[in-house]
Every structure is written in structure tokens, then in C-alpha cells.
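> sequence-free structure coming up:
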């Protein structure tokens, strides 16, 4: 029997024993335990070390607000740092280790920082570590970084999977405590679609932790009955282990469901699901959080919140101590004393700051009124407390209650500001809630059970009534209003020792006072200067006392002092869950071309082009590297014929009586007079006059055009064209639909292209140069009747066609083309050879059409029609875009032909220094031209069109190199274009 | 002339799997033709469609079966609709154009899309993981249709029966789409 | 009070009770030579350099909230000078050099940490563009380094090299890039300006401009009118709102950029890393939190908060390049309002209204610019000519057709 | 955010692409007097109000319609959603 502090009763299943380890030590607990309750049951009070001073710490709370009891859960790749022991469900085989210490938890070498604390007060680091200059990065900062942080990532890939989902409801109820259950019951009974979410694994909230009665039953029994009723309703979805972490615009809530964290393994299922909940209305019933009181050495293991002590006793059947003292400024602390006494736990003293009679009878306890704790003893576990009177009280557990703070967090996620309520000494939701949200119960400042139950029902009914549902008439459950008076007291001024406010980040009352002294007085300055509230618990127990202490210093009211901004998430959310399935290969979908399977079987190496995978080259046995393959593909295409899958180009079907006029608006050049059966190269500008996209558009019939766009811009061009259609030219009869995925399209290029196609295109179609000249297009059939489209266009500069068949025939089509090309030694070519050939021809592509260049820069200004308007026309005429020394696209070749050009090198006129002021332009694209036998490049250089023959420096300081290059025409091959017209 | 018949191989052809409580299959020969209603000719086009299919073009976000049940008309936007039907040969577009007598602009969309039919009592639970549309029958009834995005992929979802949904997404990303839907089924099993 | 280790020692031994306020809390005077609107980083830096470098100390900085409450208080702390275009790169390199000497200059430890910034490369075209950029950085006197995928695998083994959807094909380093403790920058400048006589007036909102015959004579504020020879607007994020009071429309839209931090962790990553095939950049603070962000939400807004699609998009980017962070928890998210300009580049200029000056349009890149922005704005205010590294940051550049568009996205602010 | 599409009902804003101020509908005529100035203002200057803002959203993952959404930039409250095509016509645009 290891569980020295285990009591009877509570909601743990004693019939089963769960074995677990803490820092390697074997311990036992039961289903229904959290790690914290099990640790306490096993008498483990020391659980962790604080962030800055490495103070020994225990368990302060019983919920997600826990600042101290953080552990590394699990091991290996499953290691999970900074896990709150107070919400980690116990499972068989659980292993946990403490964090943030050098040496053992008991003997942390870093605890020396605690002795140096006078020199480590708020913001000390802003005032030193500046000399000598280099020491910050070399010495101080590495040391600080090493000692900072808390837990450790495994540095292995997260082995679990995550999922996401979407839920819709009329009413979202956040929190399944008394107010939330009452709200969900009311709404559920009316027939509304309800989602009830609670972060705990056992719904019921504080009903599980209290001994109060509802409708004549124990609170826990009433909660169980309510849950049974809700579970029986089809229109209600009860989600436990689900934290609603953020309130976003228009009724969208983020929620995290922990599916397998309570199990030894995820067994292939998602560990967690991130839900996006679309709600028409919401009821926030998130309860409240107890706050501590700051007094000297108030951070010792064994000093706990009074409500938490009660929770451990009532819900988990565990006592945190054998000789308990209570320190309170309100009635609620007395309930802890009473509940413990009823369980036979020795409650020795009730120290109340108020000079008031006992709230209730607590057998065996001494009531010390108008008193306060000012210091404690017991470094690794509480041994005694000292009162302001000097009296020393031996105790191993001090239950502290400083009153309760409504959990207003989600009410402030849309910049709402809470309001101070003097009568309960707490901030409550302000009037500016997220639209659709109402608040009920303790979260609304209604701190008694009876109020929570009736408010939950009433608020839910009001919400669903607005949606048109008829509320059920069933009255709210009945309970007594328990005593709930208190006084405002935040810290004990008599304490001379350090009194902690933010326990995790080690912010003390002195730090707050120093912050005030140095002028950091606004709450935001206080937070930023002292790091208050920036720890993993986001200051859930610390912020309000700290604000009150600052308000004391400034003399302002708490309302005027205000709070810092509450930001999502309510509790921390794993990155894996936020990413869902989108990681590794599943980060984004794959788009595959129709010949992908064929290409895979024929030696293709693929490259990512947006979401597409395209064949980059097709290696053949014996080739020594990619260059061998690419050179061969380009040479054989130019020498005979090559085939390339160009399906990825965007394809847009354009139909309508005004289609030609429409194209005149979106393209810089004119399309009105394009004859049926012809294709035209088109240039699109952005409205700011910069080149946007280029492609070809074919006129299939009078009112039917087929446009191609670049692969990268397919979606963007479609969007822009819809903008023109709907917003600029709403009365044009023109219709757009994407057919990108619908057609498998292949370029067939090279002197034998026609010969090859002649064997594939059905004989009825004339392919002769006269019958189907350069820039012709038409509907044809291939391979005995399969419908296809044929375009005589060329990117390679060779005699070339593009042939398109319905995508389902694509894989078969490339087989047909290759078979037909056997006698010509046809080769498939990939994007690399495609790139080589386009550079040889001086065609601009993405590196040149980079969103920074004009038609003038590209040498395409002749294409901008003067006779008509088009997008971008007017702004393209601005003076500084048309300067005489504007950059121009030209070709470059190395003076020393054996040298390899470098894309991204900058041009400097010979004799000038390589400075930004002397920068003449840059090399955009380079390739080795197998046809020319040397490296060639395209690039922009000032006045390039006038500088052919000039030798300039191409510098690439990043490679510590430079070379001399000659400015030449960008048309390296067949400048007259004879081949493509052949 | 090359003696070579092209073989039709849509990306998910023949896919048909059963999981606990849900089946997933790629319908064979799913033909899709888009209709664009000419500006000013909307009434004539609607009339022609009604004559051809014995059913009126439904409202936006709805679909309707033709009188003989062989085709589904899906209205996507004020001036655009899909005709979805079973048809093996690559002439779906002329087939529809002829049927409606050219009263609307038609474009073959068959190969643009890949179809998956998910059916069974757990279909909705699985779809909850990827579909942002509320599929509760009160807001998404039999016949309703919506375009949305699932796992980064544009998708058209149509409720064809109480527990049956036809999902259509881009054919180039068919494998990723299938993976997304299968994962949803497995994750909710 | 000069800060030093000795001071900390003596104060520590006497209970830390002798620390003095870092700045005064003065009431506004009726008139100043220069009124700077906005006690954010840029406004405070402007005041500091006006006083220190140009000898102009009859200056007020008016702030509607608390000093440092602008984007200096809500950014992801990155400094770098890895720009490309002549209108930008010399300016940002000037800024970097000021960062490198800032702490000694203003006697405040802002934890300037040149731990490097790395832009990952995922395609050949991206490599070409980054080589162009790296070379431009050299031409402007900055540093850059190309790293191969193999080198990165050695240096950053935790990145996803083996199962990535968009494989890492290399990276562009700027080793001098890094991070700075952002709030401390505001405090250091405020302290330096205040000690030289500048009045920093918090909780003083400008409600209007006093403009007579096309000349600005001062401002109306919630604490009364203040006359000034020159009024310098420096309120990035609120530029549209404030300049509307002077009747000006700007080439700027206001957008929200969300930022995020995880719980504290023992050291995970050394410097700043940015993903090149998605929206994600990350560094780790000295306290241990992974500080990260991604793209702006993309719609006009003045609300300092964002929405879920971007939160998830950013997390996806993070998991895509470093799946080791799956079990690290997002602790806090926040949003700052960005002046998104029409070409992604800022403005430091006079306006058409006499005596009224404008500094804004910093997009999501204002933090790194803080020292140079302050210096150049001070230069413009003191001398009425632009500083040599800020000659292109003019409001009329769009009319002239002089676009400084690093990303090539054109006149659509949410794409920059 | 949720945009209540006038034809399709409420849809997550993630299905939409944002463009900007709805004044982008009011594209000047290239042959107007002072067209240079007008295009400069059209292309570059924005009201950028803190409050109600009419703006263009495109339902890319939906019905491909452009919408004019009236939304408050301080609260994100959406008070009106119209088809941009209708707005364009009402503002006098035709072919």
C-alpha cells in the first residue's frame, strides 16, 4: 500500500489499481484519479521547480489553472513537456518526470539562483550583461537560454496523429458544471441542437467536488442524472475532455477534444481532434477560479487553494495533509474546513482575516479571527505557518482561499473588457460580449449553487427563444444558496519575506512594487516588465491579485486599473492538433498529371510545381546525372521529336456572345479579330501595369475560346477574370469554367512532330503546313475516334503541337504518342529540358514574369494595344516605369564559354565597383545549352536592348565569384522562327 | 496510322470499399456537363432544360433528378448548373448540348472531376471531419448541393439520399481526395 | 541613472528600493518644436535621435495609450536586413548597424541577439530569387550565405528532410539577423529620450489637427491643444484613422497579423527559421517560448485579433517543416494591426500639408526598421531633406510609377 | 468569420478570397479627362475606414460569385451582403 493519503469515498474506482511512476518511483492510483490526486495519495508533495528561482513546488490547484505541478508526461517520442498533473488523467503505465532542475528534483543545483534573488529582481537583465559587447551572445545569453524554458521536447517527430472537424449547433454550452448542465437541459428539452463541452473527463464541474445538494440529491448524483438525460436526447451532443479554447467572429468557437490522452496509447487513432464549432448562440458557463493570498513564502509544497483541497478530499478521496490549517478571507474557505472535518481529517485552525464569527461549526478546529499568515517553514514541504501575531502553527497542509474569480476569459476574446464588482471583489463579464454569447453561473459572478442552476436555465431559455424555440417550462433545479461573503485582501503587508503572486514565473509582491517604482504602472507594463501572467497558466491564479497590488500602489480603483487582454487559447493547445492532418506528405494535396503513372514507370524524377508533381527529367540507364538526361532530351527533341506533359497549364473555357470583347479587356493585346481556328499569344497585365501572366487563347468557334494560363497563375487568372466579368463588365454575356483537370495535354515538338502526330491524329484531319499552319487550332479525333483538341503552338521553338484528350485517356495517350514516335526515336522530356529550350528561345517564364517587370522590360510593349483599353494600360504609362534606362530582357553568354552562369548574379558595368548604386540588373534564368555547347542566360539589364555586344561583369558575391558575360539577343536558337513555321 | 486504341482510365476507377457502417465507392462512368445560361437567355435555357429533362432547373444549392431519374441537375449559381449522369463515352457534352438544343453554353466537365459516393449510417460522422457544411437534415436535405473545401480541396457535395452523399473533387488530386475521405472514415471508426 | 552590474549589486543589497522611474509623467506644455504622434518604437526612436543626434529636445511624444502599446509591443521580435531592392536594402542595413550598437548607445539591454535568420528554399526558382536577393544584400554591404540542403541537415537535423511535401532544397542565411526583446527597445528609447528632455505624454489621444491655410500648427488632444512647429505622425497600424483627421487618404490598408507563442521549452531552435512553401516563421525567446507567425488574416480590420483559418494555416506550416513541435503547446495568440502599403514598402515623407510629416506603411516589417526609421524620420524633421538611405520612401512614388515591390505582388496590400 | 451569402446562406469566410475596398468596382474610363490621376487614385488610395467598410469577397470555394460585404472593421460585424454584379450594375457598370 503506497497510497498513504487515500481516504474512502469519492469518484475513483478502487476496484482497479493503476500503476504509474514519478521520477522512476513506482506508485499506484485508481481510475478516476488525475496524476495530481494520485501523487497526493502517494504522499508526494514535491512535484516541480519554479521557473526563475528553482523553488521547490507542489500542487496548488485541482484544475487547468495549475502553475506549479508541471511534469513531463510519457517518454521517448511521446514525451510531453509542461503537462499539468492536475488535469492529466491517470492510466496504467503512466510515467511522469519533474522538470526544470539540474540534478535531482530534491537537490536542484540551480536552486542557487534563489539565494541570488536580491540581484535578480524584476527586469534586472535589462540593466546589465551589456559589457563587454560580445559577451551577451557568447556568454550571458546562452547561459540564460539553457536555464530558461521548462520542459523539454523529445526532438523527435510527434508520433501521434491529429484530426479536425466541424460541428454546428443552435446553442453551444461551455462548461458542464451546475450552470452549464442546467442550461443544456433547458435548451435540450426545447428541441434545439445543443453542444455541451467540458474540459474535464467527468462532467459536473464543482458538483463533483462539493457536498452540496441539488433537488435533494448529492450534487454528483444530480449531475449524473442530468448527464443521463442529456445523453438520451438526439439533439444534444455532450463532449467531455473538450476545451472550448477561443471565441472567434460570428459565433465560431475553437475546441480541442482530447481523445486518447487518458489511454496508454493512441492505437492508431487521432490523439486529439480540433473542432471548429459554428454556433448560433452560446452560453458561457465556465465557472470560476479560486485565487490565493500573497504572504511570505506562500509557495511551499503543501500550501494549496482551499477549493482544491476540498476537491481532492471529496472527489478523489485523497487528503493532501494530515494536519490541515485553513487561511481564508471569505466564507468559502470554511467549507473546506467543514468537509475535511466531516471526513475525519484533522483541521487544526481556521485563520480568517475577518473579525467575524464562525461561518459554521468545524469540530476540532480553532477559529482565529482577524488574523493572517505571514510566513511559513518547510522548504520541500510545509511544516508550519507563522501568523502576523507571531504565533506558529504546525501544519502539513495550508488551505488558502482568497475568493473566487469568474472565468471571464472567453467573454474578452473579442476585445471585451470585464467590469469590477465591488460586492464580490471580482471582475465579471462586461457588457461587450462576443455577439451571441451569454454568461451564466459563477462565470457571471453568480457564485452560489442555487444562482448558477437557475441562471443557467434562464439564460439558455432566453438564448433559444431568440432562435424561435419554445423553452420548456420545467423549473430550475433547487439548491440552497450557500454562504458566500468575503473581504478584499490580496497580500499580507506584514510579510517581510518574499510573497509570491505568479508562482510559476516567480513574480513576487516586491517585484510589483519595484515595477511601480520604476514607472511600469499600466497593467501592460507590469506584465511585460515582470513577466507576470506569461507562464503556462497565463496567470489564472496570479493576475487579479497582482492588479490589486498595483492598484494599491497607484491609488487607482481596480476598474480603472483594468486587466491585460485575455487572448486565446484558454488553455494551451498542442501544435499538432492545430495542424491536424496537414503534415509530412499530407501537408498539401498532390495534383498528378494524367501521364503520371506512365512517367513513374519510365524513369521520371518528379518535381513539385505548386501542388502538382511534374516529370523533371526521365533518366535512362547509364546516364551519370540529371544533366545527361536533360541534355539528351533537349537535343533529341530539337533533333527529332520530344513529348512533354503540359497538362498543368491552366485551361479556361470561355463562352458567350461577348467573349471576344471580354478578352480585349483582360488581355493587353487585341483578340476581337482572331479568326476561328486560330490561336494567339496573349499578355495580361495587372491593373498597376506590371505583367501578370501570359498564355495562348484559341478561338474554337465564334463565341467559344479556350485560354491557357501559366501553371502557377491558373487559379489567380480565373479569379481575376471573374472579377472583370462580374464587377467591371456585368452585362457582358460571357461565361467561364475551368477545365484544367479535364484535358490531358501533351506538347509534341521537334522536326518530326508532324510525322509523329500524323500517325495518331485520325486521317480525316489535314495536318499539312498549309492545312494546319503555325497558330492553327481545331477539334480533331485521335486513335480512331477519341475526341481531341490540337493546337499548333510552340514553346520550344521547334515545329510543335499541343494535343489534348479527355484526361481519362491521358496515360494511354502518352503510350500512343511514344509508340507512334518509336521510328523517330521520340523522347519524353521533363520540365528541365522544357526550361532549357525556352531559355534558348528567349521566352519569358516565372523568373522573368516575377511580378516586378513591365511589358517594356520584357520587350513586349508592342503587344499593348493602343486602340483599346485593357487592365493595366493606363498605369503602365507612368513616367518612372518608362525611363530610358529601364531594364530590358536580353540574353547573356559567358566570355569564357567554359564558365557556368549563375542565376541571381547581378550585372556591374566593367570598371565600376560592385555596389548597389552601380547595380545594372540581374540574371534571371540560366541553362546549359546542349545545342550551343555552353551556358546561356536570360536577364534584365538597364538599356539592355542598346547594349548588345557589351561585356559586363556578372557578380555573385554570395558564391564569392564573378565572371564576364556578353550581352546578346535572347533568341539563342533560330532567331527568325523558321523552325516553328516549317 | 498507328493501330492503338486509347484506354479510358479515370483516376479512381473501380474503387469500392466497405467499412463498418459506411461504404465508399467511385461511381463508374460519371459524366458531368456544365450549363451556362446566356445573359438574357436564362428563361429560354431553363425552358429548354425542362423540356429535355422533364424537370425544372432547381434553385441555387439544390439538385433535381430528371423525370426518368437518369440525370441529376445541380444548380451551382444563378447562371451555372451541372448535369450529372451515367455515360461511358467521351461525348457527354455534345449529348447534352443536343438534348437542350444549344439553349445554354455547355462545357464537358466529366474529366475535370472525380466522384466518390459515401453511404451508410456513419457517413455523416465521417464527413464531420472534413466538411465545413452543416449536414444535419434540417439544413442539408436530400437533393441539396454545396461547393466547399475539404482538406484543402475544392469539393462539390450533394446529398443524394438520407445517408448517401456524392462528393466530387478535382480529378488531378483524386488520390489525395480519396485519402482524405478514407482517413475520415478510419478516424471515426 | 546609469545601469550597470554594479548598480544591480548595490540595489540588491539595499532591497531594490532605490530604483527611479525610467521616465517622467509630464503634463503637456502648450507648445513644442516638434510633436510626435505615437509613442511606439518608431515614435520613441525618432524622439531619441532628434534629441541625441540632432540636438532638438523641445519635443513631445503623445500617445493615446501606454508607451510601447503599438506594434513594438506585439511583434515577433525579428531583426534582419535581407531585402533586395535599392529603395529598401540600404535602409534596412543601416538599421541593422544601428541595432548592433544600440544597447551601449542607450544603456539598456534589449537582448539583441544575432542568432541568424534562415529562409528555407523549396524550389529552383526560389533558389534563383534568393541568390538574387543574397547578392543584392552584399552589394549593399550586408551579409548573406547560401546553405545547401546537406549543410542544413547537419545544422538543423530536426527539420523535416525526409518526408516533406515540399522538400527543403537549401536556404539563405543572414547570420547577422536575429531577435531583440521588443518591449525593451521601446523602454530604452523612451528612457533615452526622456532623460534628454523629451516629454513622453501617455494617455493623450490626438483628436484632430490644427490646420490653417494648408499648414499644420498643432494637434488637438484629449489633454488639450498642443501647438507645434512640426507635427510628425508615427502611428503605423492606425495611420488611416489618424491621417483621415487631416483629410488625407493613403496608399495603405489596415490588416491584422497574428502572432503566437508556445509554452516555455528548453532550447529547441537556434535562430529564426522561415518556411518557403507555406506561412510560418519561428524563433525561440530567451524565456524558452517558440515565437512564431505566418500570414496576415487578409481582410481590412482595426480589431487587434484574428481568426481560426490563419491560426491553423500557420500551425500547419510549422508541423510541415518541424514535426518535432507537435507536442509543444500554443500558449497565447495575439494580433497587431499592420499598415499594409500598396507595394509592401514604407513611407517616411513630408505630406502636402505644411508642417505635417508622415511615417508609416511598414506592413509587418516595422520592428526591424525601428532604429533606422527613427533616425531617418528625425533627419527629415530636423533638416527637411530625406536621409540618403530613405530617399525612395516617398508618398508620391505610385503616381510617378516608382514601385518598391519586393514580392512582386502589385497594388494589393494583403498580398505583401 | 461567417459570410451570409445572399444565395447560399451562411458560409465560413475561409471559402472566400478577399480583394479589398468595393470602390474597385468603380474603374475609371481610360479616355476620361485626367484618367492618369483617376487611375492612380483608383489603384492606390483607400479610405481604409475604422468602421463600416464595403469590400469585395470572392467565393472561390463555392459558387464563384463576387460579393460586396458591408463589414465593420472595428467589430467585424457584417451588416449587408450583396452580389457584386448587382452592385456594379447599380453603380452604372454595363459592358
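Done, it's in. The model shown is predicted, which means the values in this text are computed figures rather than measured ones.
> where does residue A:136 land on pLDDT?
The per-residue pLDDT reported for residue A:136 equals 84.
> would you mind finding the longest helix in chain B?
The residue-count maximum for a helix in chain B (DSSP state H) belongs to helix B:174-187.
> got phi/psi on the residue nearest the centre of chain B?
Centroid-nearest residue in chain B: residue B:168, 5.3 Å away (criterion: C-alpha atoms, centre = their mean). With angles defined as degrees, to the nearest 10, residue B:168 sits at phi -130, psi 130.
> and the pLDDT for it?
So, for residue B:168, pLDDT stands at 98.
> pretty sure it is touching residue B:113, no?
Yes - counting by C-beta atoms under 8 Å, residue B:113 is a contact partner of residue B:168 at 4.5 Å. Where you see a C-beta, it was placed from the backbone N, CA and C, and this is true even at glycine.
> anything in contact with each of these two?
B:32, B:156 (C-beta atoms under 8 Å, 6 or more residues apart in numbering or on different chains).
> tell me the contacts of residue D:84?
Neighbouring residues of residue D:84 by C-beta under 8 Å, 6+ apart: A:726-727, D:22, D:25, D:56, D:65-68.
> which secondary structure state does residue A:376 sit in?
Three-state call for residue A:376 (DSSP: H, G, I helix; E, B strand; the rest coil): strand.
> then residue A:718?
Going by three-state DSSP: residue A:718 is helix.
> got the contact list for it?
Taking C-beta under 8 Å, 6+ apart as the test, what residue A:718 contacts is A:650, A:652, A:709, A:736, A:738.
> could you do residue A:27 as well?
Here residue A:27 is in contact with A:2, A:19-21, A:38-39, A:42, A:44 (C-beta under 8 Å, 6+ apart).
> closest to chain B out of the contacts of residue A:718?
In terms of C-beta to the nearest C-beta, no member of the contacts of residue A:718 lies closer to chain B than residue A:738, at 7.1 Å.
> any figure for the gap between that closest one and chain D?
Separation of residue A:738 from chain D (C-beta to the nearest C-beta, to the nearest Å): 9 Å.
> now residue C:32
According to C-beta to the nearest C-beta, residue C:32 and chain D sit 27 Å apart.
> before we move on, what about residue C:43?
Counting by C-beta to the nearest C-beta, the gap from residue C:43 to chain D is 20 Å.
> and what of residue A:86?
35 Å.
> give the contact list for that residue.
Applying C-beta under 8 Å, 6+ apart, the residues near residue A:86 are A:34-36, A:59, A:61-64, A:66, A:69, A:308.
> over to residue C:410?
So residue C:410 contacts A:686-688, A:690, A:692, A:851, C:343 (C-beta under 8 Å, 6+ apart).
> that's a strand at residue A:274, yeah?
Yes - Residue A:274: assigned to a strand according to three-state DSSP.
> just to revisit the earlier point, most neighbours of all the contacts of residue A:27, which one?
Highest neighbour count within the contacts of residue A:27: residue A:38, with 30 neighbours (other C-beta atoms under 10 Å in any protein chain shown).
> just say helix, strand or coil for it.
Going by three-state DSSP: residue A:38 is helix.
> which residue is the nearest non-sequential neighbour of it?
Closest residue to residue A:38 apart from its sequence neighbours, by C-beta to C-beta, 6 or more residues apart in numbering or on different chains: residue A:29 at 3.2 Å.
> counting neighbours, what do you get for residue C:13?
10.
> so who does the residue lying closest to it once chain neighbours are set aside touch?
Distance criterion C-beta to C-beta, 6+ apart; nearest residue to residue C:13, sequence neighbours excluded, is residue A:118 at 6.7 Å. Counting by C-beta under 8 Å, 6+ apart, residue A:118 makes contact with C:12-13, C:15-16.
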